[in-house]
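Asker: quick check, what structure comes out for this input:
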Amino acid sequence: MASPQAAHHATGNESARSRAMSPPSGLFRTVGQLYAVQMASFALPLITVPYLARHLGVAGVGVVATFQALATWFTTLNEFGFSLSATREAARYKHDKQRLSELLASVIGAKLLLAAGCGALMLILSFLLPSLRNQHLLLASALLYTFGQSASAVWLYQALDRIAFATSCDLGGRCLGVAAIFIWVKTPQDSWRALAIPGGVILLSAAFAIAVAYREIPFSFPSLNGVLSTIRRGYAIFLSRCVSSMMNSGNALILSMFVSPVAVGYYSGAERIFRAGLTGLYPFSQVMFPRIAHLLAKDPDRARSEVLKSLSVMLCAAGCLSAAMLLFGGFLVRVLLGAAFAPSVAVLRILAIVPLARATSDVLGLQWMISHGLDREYTICLSVAGFTSLALALFLSGTWGQYGAAWAVVSSEVLLAAGVLYCIGLRYIVPFQGVKWR
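Answerer: Purely as a prediction, here's the structure:
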């Protein structure tokens, strides 16, 4: 018979295990706060999409989509993977405010250096690509949009445990941007404002959040060594983000080389609805990445449990999104875009395959592989999928137009998910209990 001391010790151990396996309330609070912003990011584009579709027309939406795709590519360059690499560093030094200050200064310095390169490269492309020539206002708006989208400091506020403030700033900026679009975008000649307005207000809200952060941490000037070190740490993730951007955002730009702005508008209309839905998957993944990275160093078994929970949640959400796109695609296009966008329905239904593949690659790739330090392997997976997407888009867009561009996206996403599964099996880090792949 067990002694009272042994029984008490066993009970204590069981209680400790129970506490360890129970997600802390702070995690739920952080997820909830990020979802508030992400749901706003989901709802606000759905408010502006029908407005822009009716005021700019199919061709106007196509022109905006072309420059937005260009801006999204350059956002990846300006952001340079810092949302992941800096998050990982901040999670390690969250209690050292001097280190956080130096990290923030280095990230800001790196982004300013990269911003100059973005401006020069965008100017060069405007002379090389016919679809970008003599569009000076749209080009400047795309550059402003680039700076706004890459300026977020949410990663820092996660480390400071003040995510609510950062998300409030982001949400406030987005709401102001929507209101400004309703006021100042009225005709196809106002297309440039559809990019300049959201870029400008989000840039201002990010600048305000960074200024307030310096009330929590000491101010530091960026040093050249710190900037270069930050760029080196983000390099592998940057390459993966570049290829991911090529897969996700480049098709409208490629499509504009082969078809009319009207066909680009059909593709872009469906893609806007699709992307708005896909944003609902991001907050949970964004919160789980630093958590899993931290647990992997402290408690690998618990990290495995957490990534399996994350995969279950993401796959359930992705399945619901795919079903909605398949079953209600026609209704969504009619309500949000209007009857003129009828060809967008087929594009949206093709893209319905993507969420399940994206959920798999996000959890097992971003959360699991990168947390294991497999940045290089994940970048290779993304590169293969990205260049496949580029090749297919170039090949299929000329023949099948907007439908070919959509199938290029689907093919690359499925290939990426398959590549991630192969890599984690090859490295024997499959998070499923009792499973080993060669």
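Asker: how about the strands in the stretch 101-250 of the chain?
Answerer: With strands called from DSSP state E, counting those that start in this stretch, the stretch 101-250 of the chain shows none.
Asker: where does pLDDT dip in this structure?
Answerer: Where the chain drops to pLDDT under 70, the residues are 1-46, 159, 161, 236, 240-241, 243-249, 283, 286, 432-438.
Asker: give me the residue at the spatial middle of it.
Answerer: Y282 (6.8 Å; CA atoms, centre = their mean).
Asker: over to it. Which of the three states is it?
Answerer: helix (DSSP: H, G, I helix; E, B strand; the rest coil).
Asker: how close does it get to S83?
Answerer: Separation of Y282 from S83 (CB to CB, to the nearest Å): 11 Å. The C-beta positions use only the backbone N, C-alpha and C, and glycine is treated the same way.
Asker: circling back: how much space separates the residue nearest to the centre of the chain from L374?
Answerer: 21 Å.
Asker: same check on E79?
Answerer: On the measure of CB to CB, E79 and L374 end up 21 Å apart.
Asker: neighbour count: these two, which is higher?
Answerer: Taking other CB atoms under 10 Å, E79 and L374 do not tie; E79 has more neighbours (25 against 20).
Asker: right, and that one touches F147 too?
Answerer: No. E79 is not in contact with F147 according to CB atoms under 8 Å; the separation is 10.1 Å.
Asker: flag every buried residue along stretch 288-307.
Answerer: Neighbour counts over stretch 288-307 (16 or more other CB atoms under 10 Å) mark 288-296, 303-307 as buried.
Asker: between the residues you listed, which is closest to F219?
Answerer: Nearest to F219 among the buried residues of stretch 288-307 is P290, at 24.3 Å by CB to CB.
Asker: the spatially closest residue to the closest one that is not a sequence neighbour: how many residues sit nearby?
Answerer: With CB to CB, 6 or more residues apart in numbering as the criterion, P290 has its nearest non-adjacent residue at 4.1 Å, and that residue is A91. When neighbours are counted by other CB under 10 Å, A91 registers 17.
Asker: what about S168, neighbour count?
Answerer: The burial count for S168: 16, using other CB under 10 Å.
Asker: for F219, same thing?
Answerer: 10.
Asker: what sits against the closest residue to it other than its chain neighbours?
Answerer: Distance criterion CB to CB, 6+ apart; nearest residue to F219, sequence neighbours excluded, is S101 at 6.8 Å. Listed by CB atoms under 8 Å, 6 or more residues apart in numbering, the contact set of S101 reads 214, 217-220.
Asker: kindly recompute the last result at 10 Å.
Answerer: Residues in contact with S101 (CB atoms under 10 Å, 6 or more residues apart in numbering) are 156, 213-214, 216-220.
Asker: scan those and report the most crowded one.
Answerer: L156 (25 neighbours).
Asker: could you point out which element follows the one helix or strand W73 maps to?
Answerer: W73 is part of helix 25-79, with elements assigned from DSSP states H and E. Using DSSP H and E, the helix or strand that follows helix 25-79 in sequence is helix 82-92.
Asker: quick one: list the elements packing against that next one.
Answerer: Under the contact criterion of 3 or more CB pairs under 10 Å, 6 or more residues apart in numbering; DSSP states H and E, helix 82-92 touches helix 97-128, helix 154-159, helix 224-249, helix 282-298.
Asker: please name whichever of those is nearest to A206.
Answerer: helix 154-159 (8.9 Å).
Asker: re the thing from before, contacting residues for the residue nearest to P290?
Answerer: For A91, counting by CB under 10 Å, 6+ apart, the contacting residues are 155, 158-159, 289-291, 293-294, 297.
Asker: re earlier: need the buried residues of stretch 288-307 in TSV (columns: distance to V58).
Answerer: Converted to TSV, those look like this (distance: CB to CB, whole Å):
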residue	distance to V58
M288	39
F289	38
P290	42
R291	43
I292	43
A293	44
H294	48
L295	49
L296	48
A303	48
R304	49
S305	49
E306	45
V307	43
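Asker: quick revisit: quick check: the residue nearest to the centre of the chain touching D362?
Answerer: Yes. If you go by CB atoms under 10 Å, Y282 and D362 touch, sitting 8.2 Å apart.
Asker: which neighbours do these two share?
Answerer: Common neighbours of Y282 and D362 (CB under 10 Å, 6+ apart) are M314.
Asker: relative to A317, how far out is the nearest residue to V363 once chain neighbours are set aside?
Answerer: Nearest in space to V363, with sequence neighbours left out and distances taken as CB to CB, 6+ apart, is L311 at 4.5 Å. Distance of L311 to A317, given as CB to CB: 11 Å.
Asker: who has more neighbours, these two?
Answerer: For L311 versus A317, neighbours defined as other CB under 10 Å are more numerous around L311 (20 against 16).
Asker: wait, doesn't the more buried one sit right on L356?
Answerer: No. With contact defined as CB under 10 Å, L311 does not reach L356; the gap is 11.4 Å.
Asker: picking up where we left off before, most neighbours per residue, which of the helices and strands packed on helix 82-92?
Answerer: helix 154-159 (a mean of 24; mean count of other CB atoms under 10 Å).
Asker: other SSEs contacting that helix?
Answerer: Packed against helix 154-159, as judged by 3+ CB pairs under 10 Å, 6+ apart, are the following elements: helix 25-79, helix 82-92, helix 97-128, helix 163-184, helix 193-213, helix 282-298.
Asker: give the full set of residues in contact with M257.
Answerer: Contacts of M257 by CB under 10 Å, 6+ apart are 66, 129-131, 264, 393-394, 397-398.
Asker: closest to G177 among these?
Answerer: After measuring the contacts of M257 against G177 - CB to CB - the closest member comes out as T66, at 20.2 Å.
Asker: how far away is that closest one from L255?
Answerer: T66 is 8 Å from L255, by CB to CB.
Asker: so what sits against both of the two?
Answerer: Shared contacts of T66 and L255, counting by CB under 10 Å, 6+ apart, come down to 131, 261, 264, 268.
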